[in-house]
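Student: Need coordinates for the following:
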Amino acid sequence: MEFEIASPPLTCSTVNFGMFISMLMKPIRAAGFGLLLISSVAAQHTASHKKPAQPAPSSGLAQTPPMGWNSWDSYGLTVNEEQFRQNMVVLSAQLKEFGWQYVVVDEGWYLQNPESASKPGTLRYTVNPQGQYDPAPGRFPSAKDGAGFKSLADAAHADGLKFGIHIIRGIPKQTVTANTRIGQTGLRAKEAADATDVCPWNPDNFGVKANAAGQAWYDALMKQYAAWGVDFLKVDCIASHPYKAAEIKMIHRAIQRSGRSMLLSLSPGPTAIENAAEVAANAQMWRISDDVWDHWDKGKETSQGIKAQFALAASWEKYARPGNWPDADMLPIGELSPAPGEGMPRTTRLTEDEQRTMLTLWCIARSPLFLGANLTKMDSLTKLMLTNPGLIAVDQQSVNNKLIGQDGDVVAWTADSTTGPSNYLALFNLGDSSVKIESTYGAYGFPSDTYKLRDVWERKELGEHAEVAVELPAHGSVLLELKP
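Tutor: Numbers count the residues shown, from 1 in each chain. Sure thing, here's the model as predicted:
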């Protein structure tokens, strides 16, 4: 069905969602996002939410969206073992009880001189006799003598956490030059490598051919990681520009053969919707956008602002389910230092309202939650946001999460709780000035005329109300729990 814009953009200071939804099958303007369809909004909210046909999840992993910490936003290529352990201690002591579980060493852990990344020809790599990368022992002392990341993974497990690493798909160039034998096979690196295929933004590896040697390479690699105790594997340069279907399948197969369960996260995005079934059959997470940084509207050419995530989250909400989670990327909040993957060391550029809006969208869309903050410098505001049980419950325990619609700058999402007779309503103001919202519950598909409201962010009971009446600041949001 074709929809045309029938009304001008929102210009008044009050949004009456009752009037808005009464236009149900009329065209709706979705400012800046293209057109969004509102369908069956007036139907009872608990009606079944149809999802596209999908294959069964590839494993029992990630029954809820994974939550954890990743080194990239604060340390870039430079993180070392001491810094990683310090952040792990904070996560375990202060955040683990709220569901934050994974700790991930991001890109470049095998580089001996990551500070020279701007001059790729000068980079020094740590490669073992099997041609596989090992952690640089000058940065990760416990990796000396071929120990790899086992000591660090053991420490994470001892703290009740799960350990992860980032890799760039493919095979090291110097391994191909040496034509190293692959694992215990008679196959050689040159048989596996595609020397015409190099990641556009990372020079470390050649791509891997979809042949017996290529599969043997990934089999050996996953056995190496299994021996270390890796629980989470983020594979980069594989989900988009370029999309590497054959390598995704080989890595999935190699994990299955490794003898250890490892959650597979594909990066970066935007993953194409037409590849949804394929990535869901092989991975538990996949990125839906380019890198997200602390910009509201738009960052550099290679990074995404928070505002653009609304359209992407809406396009992927049908695919979020146990075992498969479209990933809106890391959370660039708190202190991003000493060597962030983009820009200079800083406190996040996002305002408090923008941080709340980002977290609310990620949670109502059930995205994985991975912190980018330097946890050793976590301030009280950041900790308060990250330890809000009501917010985390939306991400971890809600169902029927869906976009209800957009009127001008105001976006509405709803979800149902699985832990009690309650529902959630998230309202967002994408505009640059404040807006008042006055509406009935029926405007969002809720059947009752009156609800007891709780402000999830403020952790405050608001009493019984016959309508929704809120004022949102620029780039602000509200997350309400509705109880009959």
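Student: C-alpha from now on. contacts and neighbour counts both.
Tutor: Fine.
Student: what are the ranges of the helices in the chain?
Tutor: 17-21, 72-75, 81-90, 150-158, 173-178, 189-192, 212-228, 245-258, 276-282, 309-316, 352-364, 380-386, 389-397 (DSSP state H).
Student: ranking these by mean pLDDT, which is last?
Tutor: For the helices of the chain, mean pLDDT drops lowest on helix 17-21, to a mean of 43.
Student: Residue 335: which of the helices of the chain is closest?
Tutor: Of all these, it is helix 72-75 that lies closest to residue 335, at 7.4 Å by C-alpha to C-alpha.
Student: hey, C-alpha coordinates of that closest one in CSV?
Tutor: Taking Å, rounded to 0.1, in the frame of the first residue of the first chain, the C-alpha atoms of helix 72-75 are listed here in CSV:
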residue,chain,number,x,y,z
TRP,A,72,36.7,0.2,22.4
ASP,A,73,35.0,3.4,23.3
SER,A,74,37.5,4.3,26.0
TYR,A,75,40.7,2.6,25.0
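Student: which of the residues in it are buried?
Tutor: Within helix 72-75, the residues that count as buried by 16 or more other C-alpha atoms under 10 Å are 72-75.
Student: Including distance to residue 201, could the helices of the chain go into CSV?
Tutor: Formatted as CSV, those follow (distance: least, C-alpha to C-alpha, whole Å):
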stretch, distance to residue 201
helix 17-21, 45
helix 72-75, 16
helix 81-90, 25
helix 150-158, 28
helix 173-178, 15
helix 189-192, 21
helix 212-228, 21
helix 245-258, 18
helix 276-282, 22
helix 309-316, 23
helix 352-364, 27
helix 380-386, 32
helix 389-397, 32
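Student: Identify, out of those, the most deeply packed stretch.
Tutor: helix 72-75 (a mean of 28; mean count of other C-alpha atoms under 10 Å).
Student: Return the helix or strand in this structure with minimum mean pLDDT.
Tutor: helix 17-21 (a mean of 43; mean pLDDT, DSSP states H and E).
Student: how much space between the residue lying farthest from the centre of the chain and residue 242?
Tutor: Computed with C-alpha atoms, centre = their mean, the residue of the chain farthest from its C-alpha average is residue 186, at 39.1 Å. Distance check for residue 186 against residue 242: by C-alpha to C-alpha, to the nearest Å, it reads 30 Å.
Student: swap in residue 367?
Tutor: 23 Å.
Student: Between these two, which is the more surrounded one?
Tutor: residue 367 (30 against 14; other C-alpha atoms under 10 Å).
Student: The more buried one touches residue 330, doesn't it?
Tutor: No. Checked against C-alpha atoms under 8 Å, the pair residue 367 and residue 330 is beyond contact range at 9.8 Å.
Student: quick one: which of the helices of the chain is nearest residue 462?
Tutor: It is, among these and with distance given as C-alpha to C-alpha, helix 389-397, at 14.7 Å.
Student: Not counting sequence-adjacent ones, nearest residue to residue 135?
Tutor: residue 110 (4.4 Å; C-alpha to C-alpha, 6 or more residues apart in numbering).
Student: burial measure for that neighbour, as a count.
Tutor: With other C-alpha under 10 Å as criterion, residue 110 counts 22.
Student: same deal with the one 5 residues further on?
Tutor: Here the neighbour count serves as a burial measure; for residue 115 (other C-alpha under 10 Å) it reads 13.
Student: Kindly report the same for residue 184.
Tutor: 9.
Student: So what does it have for phi and psi?
Tutor: When read as degrees, to the nearest 10, the backbone of residue 184 gives phi -100, psi 10.
Student: Roughly how far does it sit from residue 435?
Tutor: 65 Å.
Student: Just give me the neighbour total for the residue lying closest to residue 276 once chain neighbours are set aside.
Tutor: Nearest in space to residue 276, with sequence neighbours left out and distances taken as C-alpha to C-alpha, 6+ apart, is residue 319 at 7.6 Å. A count of nearby residues for residue 319, using other C-alpha under 10 Å, gives 18.
Student: need the contact list for residue 195.
Tutor: Residue 195 makes contact with 206-207, according to C-alpha atoms under 8 Å, 6 or more residues apart in numbering.
Student: and it, how far is that from residue 248?
Tutor: From residue 195 to residue 248 the distance is 18 Å (C-alpha to C-alpha).
Student: on that earlier part again, in this structure the residue nearest to residue 135 contacts residue 132, no?
Tutor: No. Residue 110 lies out of contact with residue 132 (C-alpha under 8 Å); the separation is 9.7 Å.
Student: Next, give phi and psi for the residue farthest from the centre of the chain.
Tutor: phi -90, psi 10.
Student: please begin residue numbering at 5 from this point
Tutor: Sure, I'll start counting at 5 from here, so that last one is residue 190.
Student: State the mean pLDDT of stretch 450-469.
Tutor: Rounded mean pLDDT across stretch 450-469 is 96.
Student: and that stretch, how far out from the chain's middle?
Tutor: How far stretch 450-469 lies from its chain's middle: 29 Å, per C-alpha atoms, centre = their mean, to the nearest Å.
Student: and what of stretch 284-293?
Tutor: For stretch 284-293, the distance to the chain centre is 10 Å (C-alpha atoms, centre = their mean).
Student: What of stretch 231-248?
Tutor: On C-alpha atoms, centre = their mean, the centre of stretch 231-248 falls 13 Å from that of its chain.
Student: and stretch 476-488, how far apart are its ends?
Tutor: 24 Å.
Student: what sits up against it?
Tutor: 357-358, 360-361, 364, 425-441, 452, 454-461.
Student: okay, now the domains of the chain?
Tutor: What automatic domain parsing lists as the domains of the chain is 18-43+405-487, 71-391.
Student: mean pLDDT lowest for which of those?
Tutor: domain 18-43+405-487 (a mean of 82).
Student: now that one: how far from the chain's centre is it?
Tutor: Distance, centroid of domain 18-43+405-487 to centroid of chain: 24 Å (C-alpha atoms, centre = their mean).
Student: now swap in stretch 142-153 and tell me
Tutor: 29 Å.
Student: Remind me what the lengthiest strand in the chain packs against, helices and strands.
Tutor: Longest strand of the chain, by residue count under DSSP state E: strand 402-411. Judged by 3 or more C-alpha pairs under 8 Å, 6 or more residues apart in numbering; DSSP states H and E, strand 402-411 is in contact with strand 414-421.
Student: repeat that for 10 Å
Tutor: helix 21-25, helix 313-320, helix 356-368, helix 393-401, strand 414-421, strand 427-433 (3 or more C-alpha pairs under 10 Å, 6 or more residues apart in numbering; DSSP states H and E).
Student: nearest to residue 236, of the ones you listed?
Tutor: Among those, helix 393-401 sits nearest to residue 236 (C-alpha to C-alpha), with 18.3 Å.
Student: got a list of contacts for that closest one?
Tutor: 67-71, 101-104, 363-373, 389-390, 402, 405, 419-423, 427-428, 458-463, 483-485 (C-alpha atoms under 10 Å, 6 or more residues apart in numbering).
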